[in-house]
Each structure stands twice: as structure tokens, then as C-alpha cells.
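Peer 1: Sharing a model prediction with you, sequence too.
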Amino acid sequence: MDDLKPVTHLLVVDMTSKKGMKLLREGIRYLISGSKIARVGVLFNANKDATLPSLVFMKAFEMTTSSYSHKKGVLQFLDQLCSFYEQEYILASVDTKSYQKIIDRVFQLADANGLPSKAYESSLPGFSAENLTSYLNKVAQFLFRTIGVESGINAVVTNGRVIQLLEGSTFLSHDLHLLESLEFKQRIKHIAEIIEEIKWDDVDPDVLTSKFISDVVMAISSSSSTRDRSSESARFEILSAEYSAVIMQNEHASIHIDAVIDPLSSSGQKLSALLRILSKYVQPSMRLVLNPVSSLADLPLKNYYRYVVPTTDDFSGTDHTVNGPTAFFSNMPLSKTLTMNLDVPEPWLVQPLVAIHDLDNILLENLAETRTLQAVFELEALVLTGHCSEKDHEPPRGLQLILGTRNTPHLVDTLVMANLGYWQMKVFPGLWYLQLAPGRSNELYVMREDGEGGQDSTLSKRITIDDLRGKLVHMEVKKRKGMEREKLLVPVDDDDSHSTTKKGSQNGWNSNILKWASGFIGGKDQSKKEANSSLEPKSGGRYGKTINIFSVASGHLYERFLKIMILSVLKNTHRPVKFWFIKNYLSPQFKDVIPHMAHEYGFEYELITYKWPTWLHKQKEKQRIIWAYKILFLDVIFPLALEKVIFVDADQIVRTDMGELYDMDLKGRPLAYTPFCDNNKDMDGYRFWKQGFWKDHLRGRPYHISALYVVDLVKFRETAAGDQLRVFYETLSKDPNSLSNLDQDLPNYAQHMVPIFSLPQEWLWCESWCGNATKSKAKTIDLCNNPMTKEPKLQGAKRIVTEWPDLDLEARRFTAKILGENIEEPQEQIVPPHQIESTNEDSSSEDNESKAEL
């Protein structure tokens, strides 16, 4: 049936309260915006005795929905009626005994919206207040007995699922859309499919309307959602567990636990650890029913998991000589390469503090006789997250927020994503103040004082962090008076802004949305410094505009490559350079060395981090998480004042002044990549983008390599490129066959929406794809993997790049000096490519880092 509405939202509305009327109007707006699978009903109730105008309003509303719901102007009529009633009888103090004013208004609105006013004229004046009051009493009894809510409560009941609106909470039209989507996909869809297949042989065909089927779906789904509502325990007697249950009897136990576990799932790992703790300290009787997936193509678990929790006999908090809770792994494989990760609460930012060995490439057979690896982790900070909304509008994407103390208002900053209006900042326990950033955000918007969207506004929102659970902040903003039609983000190529910029006006925000931030993010004198940056020599005699370079490395091997990349950049430019490294995956040793390296070689650096949002589909493999960090959070991971950054792979060697690339005109594109080379014909069979899906999708566009790219952060943020990439990612990433090379496939897939400027070919050369004919013109050389030879990167680096051994030796000597280690001078032989396979088989003295990488 085309008009089937399997989802039914029943709005329980207190018509005597402002909050109830807001819920009702949001329901009407929800219907105006349209839904193909949902309908809305209303149950009026009253927290106090309903006045005569309230009863007239209820009567007019009921009469309209029952008789004229098919009319074109009915929703506009109801919305205008609600607005009038709210303004005249809820917000204003008027004579509650006089109801002629609302009756007259009903007649006027009916005429204006194409409804028969004469029908209202014949019905409303003679309505029975006694009958309506009796009806309200029956509704109150129904609500209390059936769904357990008291009179005067506002709630949403979706196919039996009750959501009460607590004090201070709001429920907007887009929340109804979200509820519709979730309930339909998770619950109602399956019931509706079964109902539609039923053959109604004994039912009058005239009765089999879409309304009848919708009512049946509502009744069945409501019954299933309310079943055993009062019971606090699930019942597993029906489970057959003769062969698949583990039973632990304790006849003296006061608690019995039934658990159904898939033993080969990640949730099963966590649950089994919790049950073990309960078994030790609570000593219940327990039945564990094992419920694995019946058939598996691959082993779903690829990790060893231990759950660490404080216990009743833990005295580490009062005696520092006593070790606290620990995770101990025994009988681990010696020759397998392992990675250590922590699974911590979402609000925690945890970093390794002490780790002698490479936590990303753990080979226990290399740990000598002890074969014991220890690591100390530190809770570095907490994550403050939030959602920002604007009444009757999409989330204000690009809205810039700052967070600080009363004395220092700006310590951290971020911007609001279009995705759910999400934002996050790093905080510590204490008292914080959240504000709109000075400039365009503060000029157009103010924060609302309360969650109900009152007229009062505030300059800052006080946030108290007083525990380790973090905090989720909901904030609502509104446009300042007179700014309602102004856009937050104005295109760079706007004619007015372009002319303004040419004239050198100080109000050039339209041509550069982040110019305002430079003055207070870098300090009071930052603007003056940048204005004269081309004239002032920097540290080490460097001068000119700073080149910002972004990179990520994980494991000692890639940190070794990263130091070489840093040296290659610095040795080829006279300009100051600032490096940005993702902190999440750097080892303690690298974080110890990099400050000394920055001082010695005269560069700046900053460690940045961003917690993966809970609503975004998360990758499970560490390498894919790192790839994702290269592309998914570019708009929010950097300070707002940063206008452009170049990503350079850790295993890349630079042979030119990167200032040339930094200053390049990207023709208004937010991203710039180098296309893959195609002149090495031996690799034609591996060029997947020239066949099948990718050939059809690209439609003549080039497929680019992700080892080097430029991000115009101004354009990137202005065009919401980050939001668009995250939408593409969320859609594609749930398919395990999509995004094989996540950091590379995603921007190439999305380039019809997030356009890419193709860099000249010489900006990135790699032997695998380009061949030796163009090597002499290469401005950067990337040690990309060769799918034919699978040559280890260390071996390839020494063979391919002539300056690599000298740069490597310089970096290793410096690292050894800082860490107080000894270094063996290299006595290595470069192996031709055709001998690589035999060398890999015969060599017994292969570099441990290279072996770990393989």
C-alpha cells in the first residue's frame, strides 16, 4: 500500500504549558517537512484545570484533524492556531474565562487557509466544557495506567516506545526524524514486512485500508515494546543449553546471573572479563550460554584482551609501593609481530609515558631472556564534547568556539561540524568558560541562556569538569537581531569580498574566514609578526613565511623515517618550518627527542590530537585508524588560525624548497594531490583505477596518491569539505570491501564533491609507479610499496635515494646523543632489486625494525 505509515508518533501534550506547545508545534513542523513512513497523533492533557480558551483550542484542533486532515492548508492552519493560542493564553496574562477571541481567530484562520469556517461557526460556540473536561480526566487515567506517566507530562510515544521530556530538555522536529529512522530500521521495519505478507481472506476489503494496516503495525510493535515493562530481569528458561552452557553453582548465592555470549566477538571479550570479576567478588551462581556465529569465513578476533578494574583489595592509592591494577598477558607467541593498545573510556586521552620497546612492532623473541615488556601510560587530558543547534535551522557548521578560564578566555578552540553540530575540545578538571570566538561567529550569533530557547542570551557558558567521565554539552545559538539573513561562511570568490580585499580593508573576513583568529591564537603581537615575517630572520637564520608541514608516524621504524623527512625538508629551504605531528601514536622516545631536534635544527613543532567521535564508524585495525586521521579531521584538528598545511608521508624524502608548493595557487580547490604516475609499464596490471569500478566512477578524472598533499584550510572549512568527507566515509566504511586504502580512496572517491587540484607530476616520484626516466626531475621521493617485489622499505630507501644513508646516519647519531645510546656505524651493502627475494630468505642479520615492518 502506497500510503502505509508504519511509524506512529503519539505526542502527549500538556496544552497549558509553554513546553507542551513547543512540542506540538515541532510535531507540526515535522509533518510540514514531510515523511513517507510516519504519521503523528496528539493526546492533550493538562497539568492544572484547563481554562475555557484551552478547551476551545483543543476542540478546534480535534475537529480540524478529524475532519480536514486531507485539506492542503491544514498544517499551516494548525501551526498558526498554536502560535496564536500560545502567545495569547500561555505567555500573556489574559482573562481565562473569555474565549470569544480564540473562536474569532479560528474563523479568520480557517478562511485564510481554505478551510470551511462555517463548520467551525456551527460547532465551536456551543461546545460542552463538561464533556471535554471529562475527556481530559480519562486521558490522565490512561496515561498513568498504560504508559506510566502522570498528568501534565509531555512525552513522545513512538509505536509504544515512551520518551518523556524531562525538565530542561528539548525535542525538535529533526529529533522526530531521527527517532523515526532509528525505530523503523531497528524494530518496526521487520514487523511491517511480516504484516504486509499476511493474506486477509476473512476481512472485508473495504476495511483493508492503509490506515488499518498502519494501526495493526502500531498495535503489534507497541505490544512488543511494552511487554514485561515492569520486570527487571530477563528470562532464559527457553534457551536450550544442554551442550553449550557453562554452569557455576553456588547454593548460598543471593544473585544468579544468566549470560549469553558470542565467545568470538569483541563484546564477548569485555563481557567475559566483567563476569570473571563478578564471579570473584560477588560469588553469584552463574550460567553462561555460549552463542557463537554458526559459520565463519575468518576468525573475527585478532587480539588478546584483558580488562583492568580497581578491586576491593587495591591499596595503591594509599601506598605508592603497592602496584595498582595491571593487565598481564602470558604464553604469548614469540615470533608474531604484536601491537599494544589501550581500550579506555571515551572521554579519556591516554598516551604512553614510558616504553622502552616499540609498542607498534612488538617481537617478544627480540626481548632477550626476560621476554617481558612493560609500558606505563598516562591519562593526559579529558575530552569535552558537545552538540550545537540553531532553532529551525541546520547546525551552524563552521561556528567557531573558544574555551578557557575567566582570566584566560582562549586556551583551546574548535569549530562546529555539520555532522550533528558536533564539537570537541581537550580539557582538565576545573572550571571552564565556553564562548563564541571573536569575529564573524560572535558578530552573527549569541548563545541562548537555556535549553528551551528563551529570549535571554549569554556571552559565555560555564562548564564544570569535576570527575573523570568528561562532559557532553548541549548548546543552542541564535542569530543576532538584524543578522538573520547573514551567512556565517561567505565564499572566498564572493565579488564584494574580493574587491574589499584588493583595497586592503581590515574587514577582509569574507575573503579569509580565519584572518581574525591570528591576533589572539598566536598572541597579541602575532598579527604584526606575520605582517613583517618576510623581513625578519627566524631561528637558524631562516626568514620568510612559515611553511606548515603535517605528518603522522607510528612505530620506531616510521619515526626513524620521519626524522629523515624533517632533515630533508630543512636542508632544502631557507624559510622557517613548523611541523605538526599527530600525538596519538608517537613513542615516548620520539617525544623526548623532538624538542632537542627542534632546538638544534631551528624549527617549530606542535603535537596535535583529536578523539574519534563516538557517532562516526570506527576502524578496528590500527593502521586504518592512522590512515583515517590523515583525512577525516583536517578541519578540526588544527588551530583555527592555521590557513594552509602540507601533508608529507613519514617515509618521504624532499629534494626541493617546500615553500614553492606552500605558495602554489590551488585555483580555489581545498585539496591538492599528485596523480599516480603511469610511465612504468611493468605496473600496468596493478593500476586498479584504470579498470572496473574506479574507471567508471572517476570518469576521466585522475586517481591521486596520498603520500603528499596540500590542504587550503580556509577553503576546506568554508566549503565544509570535512563534513562531506565524513559523510562519504560513514556511508562507505561499513562495507569491508570499500576503502581498501582509506586515506587515498576516500578523497579520490569524493572529488566530484570535494574537488582536487592536480599537482605537476614532478612533485611526487616513486620507483614502483614512475620508473627511473623521470627520477631526475623529482622534487620529492616516496618509498611507496612495490606490489611486485615487496621490497622492505629500509632496503629500498638505501638503494633508491642516494642522500638517504647520510640523512639517516645524521638522525640516528643525534637521537643516540640525546638518549645516551651507542650507535653502530653502518656497514651495509645495497642489494640490486633482482636479488631482493633471495636476500630476504638468506639474511640472518636483517635490521630488526625492517623485520618488524614486514
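Peer 2: On my side now, so go ahead.

Peer 1: quick one: contacts for the one residue sitting closest to the centre of the chain?
Peer 2: Nearest to the geometric centre of the chain sits P613, at 3.4 Å (Cα atoms, centre = their mean). By Cβ atoms under 8 Å, 6 or more residues apart in numbering, the contact set of P613 is 385, 419, 422, 424. (C-beta placed from N, C-alpha, C; glycine too.)

Peer 1: Tell me who's in contact with the second one.
Peer 2: Going back to what we said before, that points to N419. 613, 615-616, 723, 726-727.

Peer 1: and which of these is nearest L334?
Peer 2: Nearest to L334 among the contacts of N419, counting by Cβ to Cβ, is L616 at 36.8 Å.

Peer 1: Run a quick neighbour tally on the closest one.
Peer 2: Per other Cβ atoms under 10 Å, the neighbour tally for L616 reads 18.

Peer 1: For the nearest residue to Y307 once chain neighbours are set aside, which three-state class applies?
Peer 2: Using Cβ to Cβ, 6 or more residues apart in numbering and skipping the chain neighbours, the partner closest in space to Y307 is A273 (3.1 Å). Using DSSP: H, G, I helix; E, B strand; the rest coil, the structure places A273 in helix.

Peer 1: ok, and what's touching stretch 682-702?
Peer 2: Under the contact criterion Cβ under 8 Å, 6+ apart, stretch 682-702 has outside partners 675-676, 678, 703, 748-749, 751-752, 758, 768-769, 771, 787-788.

Peer 1: one step back: save the contacts of N419 as TSV, and put in distance to D49 and pLDDT too.
Peer 2: Shown next, in TSV, are those (distance: Cβ to Cβ, whole Å; pLDDT from 0 to 100):
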residue	distance to D49	pLDDT
P613	47	90
W615	44	88
L616	49	89
D723	49	90
R726	51	92
V727	50	90
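
Peer 1: Now the lengthiest strand in the chain: average pLDDT?
Peer 2: For the chain, the longest strand by residue count, based on DSSP state E, is strand 375-390. Across strand 375-390, pLDDT averages out at 90.

Peer 1: Parallel or antiparallel, list what pairs with it.
Peer 2: With DSSP bridges as the test, strand 375-390 is paired with strand 348-355 (antiparallel), strand 422-427 (antiparallel), strand 471-479 (parallel).

Peer 1: Run through the residues that contact R669.
Peer 2: 712, 715, 755-757.

Peer 1: what's the closest of those residues to K777?
Peer 2: F757 (19.7 Å).

Peer 1: Could you give the secondary structure assignment for the closest one?
Peer 2: Per three-state DSSP, F757 ends up strand.

Peer 1: shaky segments in the stretch 451-600 of the chain?
Peer 2: For the stretch 451-600 of the chain, the stretches with pLDDT under 70 are 451-457, 490-540.

Peer 1: Strands of that one, residue ranges please.
Peer 2: Counting by DSSP state E, counting those that start in this stretch, the stretch 451-600 of the chain has strands at residues 457-458, 460-465, 471-479, 547-551, 577-582.

Peer 1: Look at the residue nearest to the centre of the chain and give its secondary structure.
Peer 2: Taking three-state DSSP as the rule, one finds P613 in the coil state.

Peer 1: looking at it, L275 is touching I257, isn't it?
Peer 2: Yes. Using Cβ atoms under 8 Å, L275 is in contact with I257, at 7.1 Å.

Peer 1: which neighbours do those two share?
Peer 2: M286.

Peer 1: Which one's more surrounded, the two?
Peer 2: When neighbours are counted by other Cβ under 10 Å, L275 comes out ahead of the other of L275 and I257, with 18 against 15.

Peer 1: re earlier: among the strands paired with strand 375-390, which is nearest G544?
Peer 2: strand 422-427 (31.4 Å).

Peer 1: next helix or strand past the closest one?
Peer 2: Where DSSP states H and E defines the elements, the next helix or strand beyond strand 422-427 is strand 430-436.

Peer 1: Which neighbouring elements make contact with that next one?
Peer 2: Counting contacts by 3 or more Cβ pairs under 8 Å, 6 or more residues apart in numbering; DSSP states H and E, strand 430-436 packs against strand 400-404, strand 445-448, strand 460-465, strand 471-479.

Peer 1: List the buried residues in it.
Peer 2: Residues of strand 430-436 classed as buried: 432-436 (neighbour count, 16 or more other Cβ atoms under 10 Å).

Peer 1: quick one: strands adjacent to it?
Peer 2: strand 400-404 (antiparallel), strand 460-465 (antiparallel).

Peer 1: on that earlier part again, reformat the contacts of P613 as a markdown table; add distance to Q691.
Peer 2: Shown next, in a markdown table, are the contacts of P613 (distance: Cβ to Cβ, whole Å):
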| residue | distance to Q691 |
| --- | --- |
| T385 | 43 |
| N419 | 33 |
| Y422 | 38 |
| Q424 | 41 |
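
Peer 1: any idea how far V207 is from the residue of the chain most remote from its centre?
Peer 2: What lies farthest from the middle of the chain is G126; by Cα atoms, centre = their mean that is 56.6 Å. According to Cβ to Cβ, to the nearest Å, G126 and V207 sit 34 Å apart.
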